[in-house]
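> Need coordinates for the below:
(one chain, ligands or ions: 1)
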Amino acid sequence: MFRDGARKSIWQEEIKRFAADAITEEIFDVAVIGGGITGVTTACELQRSGKKCIILEANNIGFGTSGGTTAHLNDFFDTTYKEAIDKFGLENARLLARAGKEALQIIERNVLEHNLDCDYEKKTAQLFALNEKQEQTLADMVEGAAKVGHEMQYIQDISYPIPFRKAVEIRDQAQFHPIKYIRGLCGIFKNAGGRIVEGCLCERHEEKEDIVYLQTTMGTVKARHAVYATHIPPGINILHFTTAPYRSYAIAFSLKGNNYPKELGYDLEDPYHYYRSHVIDGRELLIAGGEDHKTGHAEDTGACFSNLENYCRQYFDIDRVEYSWSSQYYEPADGLPSIGILPGSDGRVYAATGFRGNGMVFGSLSARILSDLIISGTSLYEALFRPGRFKPVAGFTAFVKENATVIHDFIKDKITMEKVMSLAEITEGEGKVVKYEGDSYAVYKEHGGKVHLLKSTCPHARCEVRWNSAELSWDCPCHGSRFNINGRLLNAPAVKGLERMDDPA
Ligand SMILES: Cc1cc2nc3c(=O)[nH]c(=O)nc-3n(C[C@H](O)[C@H](O)[C@H](O)COP(=O)(O)OP(=O)(O)OC[C@H]3O[C@@H](n4cnc5c(N)ncnc54)[C@H](O)[C@@H]3O)c2cc1C
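Numbering: from 1, shown residues only. Here you go, the predicted model:
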């Protein structure tokens, strides 16, 4: 399993174990935790600036959302420039626009300078309003964009067979194959002397004097700075209260005929649909995305795929579904990502999270911001994206105290599978949370009848997980930790799996 879900993403053929480096005694300048676009780009940037870096990845490079993205490279964001002006003022909105341009340049520079074979293509994007309300939203977007110097031009036609009322185009956007890109960067990083350790879960850190000690499943790593590029940092932090996990769905279709739209496409529904095409194994496919919802808040995640497929079938002459997958992203409370010093750190630990659906771009931007902060102590974007900008919410301190130590008294009386199963009417292929004697259990019955019984309490902050039938995982609706049917950890912020009740070895 090279991705954090049971379904195969369109990029999956390229996701493999990358490196076999081991942990050593030396002190690194920077330890980067997480091998997605954020971690790899940041480590590469720092290593090329002369810093000695190590990437610690719990699974394999590209295991997380970077292996389940759709990889549009756009510098108009889910938070529109109009919203940014209203919330943060014109100057900050201009800075956001500048950040977007800089991020696209970082990606393009990496591709061109190193001749990376990653299907990179410059693209024009088309945004289209499907009804009167969306027409107004579009007008607001265009007005906001103009104020920050970001060009959106009204157009008469779009390349999508979708009836629309008004549309705009945005030039100088792009797309690529995210895993080919990340693996290319890993090659540059390794050639520059960087280390990559896969299968290495970072469990916690401690800052002592000028060293960060990282306790990992493969031993202690020492570094002068540490970067959590884990999509959301582990531990209990204010960032867990100011970002919320969401799931989005993607399907790659082959079309009858050869009428693949060349532009990136977006409607303005809520949640919106996003489209692009990509040639995989010599065959062009249309990738459509949408149906987003808060993690753990869809009764039947399989139905989200059917809804997306049915929606697309109304407009496109679809031949067949070639790939369908889903993945997780993080929504920040104020609409902007958090990139910089981890709140609560003494100043040597950094994090990057809250990217919404723009993490290819904000993950790349994180590389610039974090390397500037580590190398020179300042960044142009430091204040705009400062993770510490959020004030603690009411009850936060009490919550942290209560959850700081997760007490493991679960196996107080060894319940039997039979007892729980007698309460649960579960059909093959189904997962359910079952209450028994004041405790609750996550039960999954495989096709063929084998049953997996886990404690359903997420070890991160003790919320109850929910079943995700589409990806065969247990998803925590609070902060986004996810686990497979065996209880194995798939996604941060948890750093351990769900407790197994049928095999508590
Ligand atoms: C369906 C979907 C479509 C999207 N489409 C787009 C798009 O078109 N354009 C765009 O810009 N953005 C898009 N996004 C958002 C974007 O894909 C993500 O924001 C981005 O991939 C996040 O990258 P990351 O490197 O920060 O995190 P990830 O790719 O999730 O990487 C984090 C890594 O950290 C590792 N890790 C976690 N915890 C630990 C630990 N304790 N120790 C060691 N390693 C650990 C994980 O195994 C993982 O490999 C999309 C998101 C979704 C869900």
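> Mind pulling up the pLDDT for the residue in the chain that the ligand sits nearest to?
Here the residue of the chain nearest the ligand is residue 359; by C-beta to the nearest ligand atom that distance is 1.6 Å. For every residue, glycine as well, the C-beta is placed using N, CA and C. Note for residue 359: predicted pLDDT of 98.
> Please apply the same query to residue 428.
Residue 428 is given a pLDDT of 89.
> Quick one: residues in contact with stretch 77-94.
With contact meaning C-beta atoms under 8 Å, 6 or more residues apart in numbering, stretch 77-94 is reached by 96-97, 100, 140-141, 143-145, 147-150, 334-336, 356-358, 361, 384.
> Name the single longest helix found in this structure.
helix 90-113 (DSSP state H).
> Grab the CA positions of that one and hand them over as CSV.
Extracted in CSV, the C-alpha atoms of helix 90-113 (Å, rounded to 0.1, in the frame of the first residue of the first chain):
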residue,chain,number,x,y,z
LEU,A,90,-5.8,45.3,0.4
GLU,A,91,-2.1,45.2,1.2
ASN,A,92,-2.3,41.7,2.6
ALA,A,93,-4.4,40.5,-0.3
ARG,A,94,-1.7,41.9,-2.7
LEU,A,95,0.9,40.0,-0.7
LEU,A,96,-1.2,36.8,-1.1
ALA,A,97,-1.3,37.4,-4.9
ARG,A,98,2.4,37.9,-4.9
ALA,A,99,2.9,34.7,-2.9
GLY,A,100,0.8,32.8,-5.5
LYS,A,101,3.0,34.0,-8.3
GLU,A,102,6.1,33.2,-6.4
ALA,A,103,4.9,29.7,-5.7
LEU,A,104,4.2,29.0,-9.4
GLN,A,105,7.7,30.4,-10.2
ILE,A,106,9.3,28.0,-7.7
ILE,A,107,7.6,25.0,-9.4
GLU,A,108,8.5,26.2,-12.9
ARG,A,109,12.1,27.0,-11.9
ASN,A,110,12.5,23.5,-10.4
VAL,A,111,11.1,21.9,-13.5
LEU,A,112,13.1,23.9,-16.0
GLU,A,113,16.4,24.2,-14.1
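> What separation do you get for residue 245 and residue 223?
According to C-beta to C-beta, to the nearest Å, residue 245 stands 28 Å off from residue 223.
> Same question for residue 17.
23 Å.
> now swap in residue 314 and tell me
Residue 314 is 52 Å from residue 223, by C-beta to C-beta.
> Same drill for the two, tell me which one is more crowded.
The neighbour comparison of residue 314 against residue 223 (other C-beta atoms under 10 Å) goes to residue 223, with 26 against 10.
> Among the contacts of stretch 77-94, name the buried ones.
96-97, 100, 141, 144-145, 147-148, 150, 335-336, 356-358, 361, 384 (16 or more other C-beta atoms under 10 Å).
> In helices, which of the residues you listed appear?
Checking the buried ones among the contacts of stretch 77-94 against DSSP H, those in helices are 96-97, 100, 141, 144-145, 147, 361, 384.
> Next up, the contacts around the residue of the chain closest to the ligand.
Counted by C-beta under 8 Å, 6+ apart, residue 359 has contacts 37-38, 65-66, 69, 231, 329.
> please redo it, this time with the cut-off set to 10 Å
36-38, 64-66, 69, 71, 178, 231, 329-330, 337, 352-353, 365-366 (C-beta atoms under 10 Å, 6 or more residues apart in numbering).
> Check residue 460 too.
Neighbours of residue 460 in contact, by C-beta under 10 Å, 6+ apart: 232, 234-236, 240, 403, 406, 476, 478-481, 489, 492-496.
> at 7 Å instead, please
476, 479, 481, 493-494 (C-beta atoms under 7 Å, 6 or more residues apart in numbering).
> got a winner among the residues you listed for most neighbours?
Ranking the contacts of residue 460 using other C-beta under 10 Å puts residue 481 first, with 29 neighbours.
> filter the contacts of residue 359 by proximity to the ligand?
Among the contacts of residue 359, the ones lying near the ligand by C-beta under 6 Å from any ligand atom are 36-38, 64-66, 69, 71, 231, 329.
> Quick one: low-confidence residue ranges for the chain.
1, 392-424, 503-505 (pLDDT under 70).
> What segments of it are helices?
Counting by DSSP H, the helices of the chain are 37-48, 81-88, 90-113, 132-147, 178-191, 239-242, 301-313, 359-376, 382-385, 396-404, 417-423.
> which helices and strands does the strand ranked longest in the chain pack with?
Longest among the strand segments of the chain by residue count, using DSSP state E, is strand 318-332. Contacts defined by 3 or more C-beta pairs under 7 Å, 6 or more residues apart in numbering; DSSP states H and E place strand 318-332 against strand 243-255, helix 301-313.
> Just send the ones you listed back as CSV, with mean neighbour count too.
Shown next, in CSV, are the helices and strands packed on strand 318-332 (neighbours: other C-beta atoms under 10 Å):
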stretch, mean neighbour count
strand 243-255, 22
helix 301-313, 16
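> Reformat those into JSON lines and put distance to the ligand next to each item.
Shown next, in JSON lines, are the helices and strands packed on strand 318-332 (distance: least, C-beta to the nearest ligand atom, whole Å):
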{"stretch": "strand 243-255", "distance to the ligand": "4"}
{"stretch": "helix 301-313", "distance to the ligand": "11"}
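> would a markdown table of those with distance to residue 124 be doable?
Shown next, in a markdown table, are the helices and strands packed on strand 318-332 (distance: least, C-beta to C-beta, whole Å):
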| stretch | distance to residue 124 |
| --- | --- |
| strand 243-255 | 20 |
| helix 301-313 | 21 |
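> How far off centre is stretch 254-262?
29 Å (C-alpha atoms, centre = their mean, to the nearest Å).
> need the contact list for the residue nearest to residue 262 when sequence neighbours are not counted.
Residue nearest to residue 262 in three dimensions, not counting chain neighbours: residue 159, with 6.0 Å by C-beta to C-beta, 6 or more residues apart in numbering. For residue 159, the contact set (C-beta under 7 Å, 6+ apart) comprises 126, 261-263.
> now do 8 Å
126, 261-263, 265.
> cool, residue 45 as well?
Contacts of residue 45 (C-beta under 8 Å, 6+ apart): 106, 367-368, 371.
> if I look at it, how far off is residue 364?
Applying C-beta to C-beta to residue 45 and residue 364 gives a distance of 9 Å.
> now do residue 209
Taking C-beta to C-beta, one finds residue 209 at 32 Å from residue 364.
> out of these two, which sits in the busier spot?
More neighbours surround residue 364 than the other of residue 209 and residue 364, with 25 against 6 (other C-beta under 10 Å).
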